[in-house]
Every structure is written in structure tokens, then in C-alpha cells.
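Q: predicted model, plus sequence, below.
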Amino acid sequence: MKPLRAVLVAGTVTALAACSASNMVRQEPEPSGNAEQQQVLQSNNALLYNRLRIVDTRTREKNDLLQVQATLRNQWKFELDFQYRIKWFDADGFEINPDAQTWRQLVLPGSNEANVQGVAPNSKAESFEIWVRE
């Protein structure tokens, strides 16, 4: 009986350790020709993450504010219904105004692409990340 108990305890400990591990996934964009751009697709949902890709990004400055446009591709054959938001970071890597960034809904048909856009909240923004969730 004791060996069975040891197996059950070991299995429970392993399961709890797996649950506490971070499931954040991160995707570097496909090469876009501008090595200075530091945009990333992030999600805490591995299934959603594996079905999306950043296929293109464009940035520009307008009125001293960084603007971004990223093209997301649904690599799955079925529709994806998810939310996204863009997080902005200063030169030191600190997030700018994190509470002001709202989630936006996007429905992306299977095997299709859509552009997502954002404008930095102030002129200190130098990089960004695109976060997605279901």
C-alpha cells in the first residue's frame, strides 16, 4: 500500500508543479527588414498563440508619437475570436501607462489576415508588444 501512496503523492506534486509553471508564450515576428524593431506577440494561451502569426509590422512617428501596424495571420482553418492589446515600453523597458491599454475584440476568419493598429500614449514609447487572449 505504501508504494501506491508514494506514486500518488509524486503524481500530485508533479501536477501542482506543472500548474504553477508559467505558461506565457512569446513569438518573435517573421523578419520584416528592420532589425531595430522589437515587437513581439505574446499570449498566456498556447493554443491561440500557435494559431496566430505576425507576418508584417510597420512603424512610424507622427506628431512625436510612435504608431504601429501589425498584420496577424490566422494559421488555422477555422475562425478565431480573440482579444488583443498593444503594450508600450520606454527606452529602459518600463511599460508606459499599463492601466490605460484596453483589450479590443477581433474575429479573424480561418486562413485570413487582419491589421491591428495602435498609437503610443506619449512620446517616450520606443517599443511595443502585442498581447492576445481568448
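A: Yep, it's here. These numbers were taken from a predicted model, which means no experiment stands behind them.

Q: what number of residues lie near Thr71?
A: 17 (other CB atoms under 10 Å). Where you see a C-beta, it was placed from the backbone N, CA and C, and this is true even at glycine.

Q: okay, and the residue nearest in space to the middle of the chain sits in which element?
A: Ranked by distance to the mean C-alpha position of the chain (CA atoms, centre = their mean), the top residue is Gln42 at 2.0 Å. Assigned by DSSP states H and E, Gln42 belongs to strand 41-43.

Q: show the subsequent helix or strand relative to that strand.
A: Strand 41-43 is succeeded, C-terminally, by helix 46-51 (DSSP H and E).

Q: going by contacts, tell me the helices and strands next to the helix or strand following that following helix.
A: Where DSSP H and E defines the elements, the next helix or strand beyond helix 46-51 is strand 52-62. Applying 3 or more CB pairs under 8 Å, 6 or more residues apart in numbering; DSSP states H and E, one finds that strand 52-62 makes contact with strand 25-27, strand 41-43, strand 65-74.

Q: export these to JSON lines and tack on distance to Asp56 and mean pLDDT?
A: Shown next, in JSON lines, are these (distance: least, CB to CB, whole Å; pLDDT from 0 to 100):
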{"stretch": "strand 25-27", "distance to Asp56": "14", "mean pLDDT": "58"}
{"stretch": "strand 41-43", "distance to Asp56": "12", "mean pLDDT": "94"}
{"stretch": "strand 65-74", "distance to Asp56": "4", "mean pLDDT": "97"}
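
Q: export these to JSON lines and tack on distance to Thr57?
A: Formatted as JSON lines, the helices and strands packed on strand 52-62 follow (distance: least, CB to CB, whole Å):
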{"stretch": "strand 25-27", "distance to Thr57": "12"}
{"stretch": "strand 41-43", "distance to Thr57": "10"}
{"stretch": "strand 65-74", "distance to Thr57": "5"}
